[in-house]
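> predicted structure and sequence below. I'll ask about it afterward.
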Amino acid sequence: MSRKGKVLVAMSGGIDSTVTALMLNEEGYEVIGITMKTWDYASAGPSKKETGCCNLDSFNDARMAAVQHGFPHFVLDIREEFGDFVIDNFVEEYLAGRTPNPCVMCNTHIKWRALLKRADALGCEYIATGHYGNIHQHDNGRYYISKGVDELKDQSYVLWGLQQDLLSRTMLPLGKYRKPEIREMAIQYGYPELAKKSESYEICFVPDNDYRGFLKRKVEGLEEKVAAGNFVDKNGKILGNHKGYPFYTIGQRKGLDVTFGKPVYVTAINPDNNTVVLGDEEDLDENKMVVAKLNMMKYDIVTPGMEAITKIRYKDKGGLSNLYPDGNLVKVAFYEKAKGVAPGQSAVFYEGNDVIGGGIIQRT
């Protein structure tokens, strides 16, 4: 066994996870590669298109890299674990009028737990992934994630749900690198094709990027159940008919099939009365919100009035805010109004580059 330890590396077959495994192997860790199959593409709908990190070519690419560099590789079928939680949550959230983030749910509840379980079975001290972020231990003993040095690739936002037992055994080797450096490493390792490989930003179980079509296929009779609803303004005035409230998201402007001679946006979704509220861009502005399902990282509690930069979506720059604990919830008060706060999405609290914690936006 290596003196540095044994590490189970999640390998999707893409450039980031492959370089992660090869880097750790070169540094002297005893590496075991594992590729997780999360979704059955035969049930993905008419396109049957396999994209992203979970297709057969990617499995083969991961295995080939492992074989060429002399470390073992396994394929782990977690379709049952994945489907029961991530996909059911995805459907339920849209039916509740919220906008889910399945990648966050998968990382938090499925992939890391599955990795840790197999790491224990294989005698691995660590697990590693190709995410762009850094893990530190605070003087208070708690582990937390901070942003990766590459601001364009930083993935700290989608990792807010990782709990202390997971963070304490996780390695994120790419956090101190920028993407061009990783591409150059792939070339140096002898994989120039990986450096040119395109990246997918689609949801793995919606390979055609059509979540509305996925919902229709997944929920029998969905269109009949949610159709015949109204677009209304903020005063309740009927503006037209929508195609079903689950098919819209907060901030949406295109695809509404109604015209008013000016841009209008989805500002609220009300499943109880089957209405979708439309308004002007300024109607998307909010100065507060309530966050539930919290996971704390750098500190174990939110103190009243704690100052934080709060991000409400992956590409959001974040806004300065004060946090106020309220039982199992946190109330967020923004210094400047935030645009397009969407219930169901993640809110992540930062102190500088460090993740204080995060949760799910419950309401404004």
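Okay, I see it.

> run through the helices of the stretch 101-250 of the chain in chain order.
For the stretch 101-250 of the chain, the helices defined by DSSP state H, counting those that start in this stretch occupy 102-106, 112-121, 164-167, 179-188, 192-196, 211-218, 222-226.

> buried stuff in the third one?
Within helix 164-167, the residues scored as buried using 16 or more other CB atoms under 10 Å are 166-167. For glycine as for every other residue, the C-beta is placed from the backbone atoms N, C-alpha and C.

> that one: how far from the chain's middle?
Offset of helix 164-167 from its chain centre (CA atoms, centre = their mean, to the nearest Å): 18 Å.

> what does the average pLDDT come to for it?
Helix 164-167 comes out with an average pLDDT of 96.

> and for the first one?
For helix 102-106, mean pLDDT rounds to 87.

> got the contact list for it?
With CB atoms under 8 Å, 6 or more residues apart in numbering as the test, helix 102-106 has contacts from 38, 82, 85-87, 89-90, 158, 160-161, 203, 205, 346.

> distance from it to the middle of the chain?
Worked out by CA atoms, centre = their mean, helix 102-106 lies 5 Å from the chain centre.

> and it, which residues are buried?
102-106.

> and what of the fifth one?
Neighbour-count burial for helix 192-196, with 16+ other CB under 10 Å as criterion, is recorded at 194-195.

> from the contact counts, what lies against that helix?
On a contact count with 3 or more CB pairs under 8 Å, 6 or more residues apart in numbering; DSSP states H and E, helix 192-196 meets helix 15-27, helix 179-188.

> just the strands from the stretch 151-300 of the chain, written as ranges.
170-171, 229-232, 238-242, 265-270, 275-279, 285-296 (DSSP state E, counting those that start in this stretch).

> I'd like those as TSV, with distance to K317 appended.
Listed next are the strands of the stretch 151-300 of the chain as TSV, based on distance: least, CB to CB, whole Å:
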stretch	distance to K317
strand 170-171	26
strand 229-232	31
strand 238-242	31
strand 265-270	20
strand 275-279	23
strand 285-296	16
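
> got those as CSV, with mean pLDDT and mean neighbour count columns?
Formatted as CSV, the strands of the stretch 151-300 of the chain follow (pLDDT from 0 to 100; neighbours: other CB atoms under 10 Å):
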stretch, mean pLDDT, mean neighbour count
strand 170-171, 97, 20
strand 229-232, 93, 19
strand 238-242, 92, 16
strand 265-270, 95, 20
strand 275-279, 95, 21
strand 285-296, 96, 18
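
> any idea which of the ones you listed gets closest to I135?
I135 lies closest, by CB to CB, to one member of those: strand 170-171, at 5.9 Å.

> partner strands of that closest one, with direction?
strand 126-128 (parallel) (DSSP bridges).

> check the helices and strands packed on helix 192-196 for me and report the most buried one.
Ranked by mean neighbour count, those are led by helix 15-27 with a mean of 23 (mean count of other CB atoms under 10 Å).

> dump the helices of the stretch 101-250 of the chain into JSON lines; add distance to M289 as well.
Output for these, formatted as JSON lines (distance: least, CB to CB, whole Å):
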{"stretch": "helix 102-106", "distance to M289": "17"}
{"stretch": "helix 112-121", "distance to M289": "26"}
{"stretch": "helix 164-167", "distance to M289": "26"}
{"stretch": "helix 179-188", "distance to M289": "32"}
{"stretch": "helix 192-196", "distance to M289": "40"}
{"stretch": "helix 211-218", "distance to M289": "23"}
{"stretch": "helix 222-226", "distance to M289": "25"}
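
> for F59, find the nearest of these.
Of these, nearest to F59 by CB to CB is helix 192-196, at 14.6 Å.
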